[in-house]
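**Q** Got a predicted structure here, sequence first:
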Protein chains: 2
Amino acid sequence: MKPFHILPPDSAIVATIQQIIDHKTKPPGALGDLEDLALKVATIQQTPSPVLRQPHLVIFAADHGIAGEGVSRYPPEVTRQMVLNFLAGGAAINVFCRQHGIVLRIVDAGVKGSLADHPQLIDAKMADGTQNFAREPAMTVEQCERALERGSEVVDGIVRTGCNVVGFGEMGIGNTSAAAVLMHLFTGQPLAKCVGRGTGLDDQQWARKLSVLGQAVGRYAPSQTPLQTLATFGGFEIVQLCGAMLRAAENRMLILVDGFIASVALLVARQWSPAVVDYCVFCHQSAESGHRGLLDFMGAQPLLRLNLRLGEGTGCALAYPILQSAVLFLREMASFETAGVSQSP
Amino acid sequence: MKPFHILPPDSAIVATIQQIIDHKTKPPGALGDLEDLALKVATIQQTPSPVLRQPHLVIFAADHGIAGEGVSRYPPEVTRQMVLNFLAGGAAINVFCRQHGIVLRIVDAGVKGSLADHPQLIDAKMADGTQNFAREPAMTVEQCERALERGSEVVDGIVRTGCNVVGFGEMGIGNTSAAAVLMHLFTGQPLAKCVGRGTGLDDQQWARKLSVLGQAVGRYAPSQTPLQTLATFGGFEIVQLCGAMLRAAENRMLILVDGFIASVALLVARQWSPAVVDYCVFCHQSAESGHRGLLDFMGAQPLLRLNLRLGEGTGCALAYPILQSAVLFLREMASFETAGVSQSP
């Protein structure tokens, strides 16, 4: 695997930015999380006047062999149908991206069946879905390395537009199963804490999903490397997401992290480059049950908790205007001095 | 006091709207709080295609006699200075209203000192601040009735613009003290649970604030009517807020509720007309310590928890794009049928 070179942002500028924030016409700290956010963006961009340029939202889509085990309420063909819905502009993420002027791109990372060319579609198909990891590894280590690279190349294309803020979403029937196993293996938390109801399983269906995944994990030796683990249980969209996040951090872009699947991709990415997290904003705590524990494991505070469990990058798009607000108050608000407002003694 | 006539929205349309939401291309319930929000707005507007028209944010500003007791970190003249800052466009709320195309109006409900005419300023001054309720009632019952009416007249002016969604903010050094006492008396919760750190008191200053307010409450007979209680401890901005919310609900407008002070105004308003709450969206849970308990008391779930404690209506403005997202997904998202996506069996 080609290494990624991610440097943490230079923190020498932090004190200067903090002083500017503290002189804005408000009690110190009164803008709460927005102040932390403004400090983060300004530090990443190394300027007290940060700008969000050409925001992009990239959805990686792929199918999963494990879906054949009946771990989802929806049939596998929904992955492809939803990709067509994204391209037709009818999904939730289309609505929210239009609302906020976010450029939307869909990546075919491994969707079953062919997709016609479309200006919003990026072809990075690895195969017609992964293998069923209940029986054999989801992909080979070589495929996994190639998928990391393909994911990072998607970001190379986006960087060329001048973009400096990118959110990542995903679509893939069965992908909460792959993500749950990866969370279990990379955090050491019990599998039952990592397995959720996905698109809406009932108690019995959930118990079956847990049993299928428990048996699958038991099939493989526990001493695998991170790359082997990712190859064995990952989905092509999860692996490409992982490569994309690493490349975005290399480029010092602000990374918007969505829900459970995207957070698992980040969990894997930080195994190789812990500094990737310095470029991330955790946008939303999903209602998918494992997400809370995963955010806690990474010490992450999500901006929003709106009980979404949809994926597609919807949490990123909904959080984007709040990120904009943070940048705008830093750039536009008056200071006590310029506004002639008395400060606290 | 002239009664307000507030009817709850007709719920006959709820089942129709819910069915439309459930047929959108997403698992049932997967848009979480946005689905509840869409249902609420559609029910208030009595249409499956709601529209947010001419959004307004109205800041009521006034001074408080109780500020003379040293209950705030900031001197009383900051109320007027911040009003000038609002009119000059330099405060946090200016930034967020510009970002979202929200019309901003400032109401002089009782600011100490004169203010020059300004197109964004509405003159509804009751007096140069209230009296110090540590010594005498903040205002007379007649002043309180008149302030309720003046607040409602502000909304009459806004209705004429075609506006159907309005957020209310406030500015007034000392107003967390007035609000804390009102919360204590209208909820029965211990005063210490209602008194917070306002603009940033330390432990000793907080203890002094609690002691001053406890003694003040003790001066008055406990058997007052709601109107008498509001007159004794209220601020002119709190009373006008209360009247404004009641009139907005009479006009079936969507009401955006900000933080601690605005929620206390609503707490008083619902004493007279419980149905006012049916028109409210609770935008943000403030870091001001009493707010969490107050929201729980009203059974309210805030949309955002960003640790703001600034007032000015900032929570409303930050939540506004999420409200827009709720309306837009209801109007624009494809259904399973039109998108050709398979539903769960």
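**A** Right, received. Where do you want to start?
**Q** What residues sit buried inside the lowest-mean-pLDDT helix or strand in chain A?
**A** Ranking every helix and strand in chain A by mean pLDDT, DSSP states H and E puts helix A:336-339 at the bottom, with a mean of 93. For helix A:336-339, a neighbour-count test (16 or more other Cβ atoms under 10 Å in any protein chain shown) marks A:Phe336, A:Ala339 as buried. For glycine as for every other residue, the C-beta is placed from the backbone atoms N, C-alpha and C.
**Q** Equivalent analysis for stretch A:198-211, please.
**A** Quick answer for stretch A:198-211 (16+ other Cβ under 10 Å): A:Gly198, A:Thr199, A:Gly200, A:Leu201, A:Gln205, A:Trp206, A:Lys209, A:Leu210.
**Q** and the gap between A:Leu306 and chain B?
**A** 4 Å (Cβ to the nearest Cβ, to the nearest Å).
**Q** and that residue, that's in a strand?
**A** No: judged by DSSP: H, G, I helix; E, B strand; the rest coil, A:Leu306 forms no part of a strand; its state is coil.
**Q** got a list of contacts for the least confident helix or strand of chain A?
**A** Here helix A:336-339 makes contact (Cβ atoms under 8 Å, 6 or more residues apart in numbering or on different chains) with A:His23, A:Lys24, A:Thr25, A:Ser342, A:Gln343, B:Gln81, B:Leu84, B:Asn85, B:Ala88, B:Gly90, B:Ala91.
**Q** quick revisit: okay, and which of the buried residues of stretch A:198-211 map to helices?
**A** A:Gln205, A:Trp206, A:Lys209, A:Leu210 (DSSP state H).
**Q** Could you give the number of residues near the closest residue to the last one other than its chain neighbours?
**A** The reference is to A:Leu210. Spatially, and ignoring its direct neighbours in sequence, A:Leu210 is nearest to A:Val195 (4.9 Å; Cβ to Cβ, 6 or more residues apart in numbering or on different chains). The number of residues packed near A:Val195 is 28, by other Cβ atoms under 10 Å in any protein chain shown.
**Q** residues contacting A:Val195?
**A** Contacts of A:Val195 (Cβ under 8 Å, 6+ apart): A:Thr176, A:Ser177, A:Ala180, A:Trp206, A:Lys209, A:Leu210, A:Leu213, A:Ser289, A:Gly290.
**Q** Surely the third one is in contact with A:Leu213?
**A** If I follow you right, that is A:Ala180. Yes: at 6.3 Å, A:Ala180 and A:Leu213 qualify as touching, with contact defined as Cβ atoms under 8 Å.
**Q** When the two are compared, which one has more neighbours?
**A** For A:Ala180 versus A:Leu213, the count of surrounding residues by other Cβ under 10 Å is larger for A:Ala180: 30 against 25.
**Q** From A:Thr47, how far out is A:Leu121?
**A** From A:Leu121 over to A:Thr47 the distance is 35 Å, taken as Cβ to Cβ, to the nearest Å.
**Q** returning to that earlier point: what's the distance between the residue nearest to A:Leu210 and chain B?
**A** Applying Cβ to the nearest Cβ, the value for A:Val195 to chain B is 17 Å.
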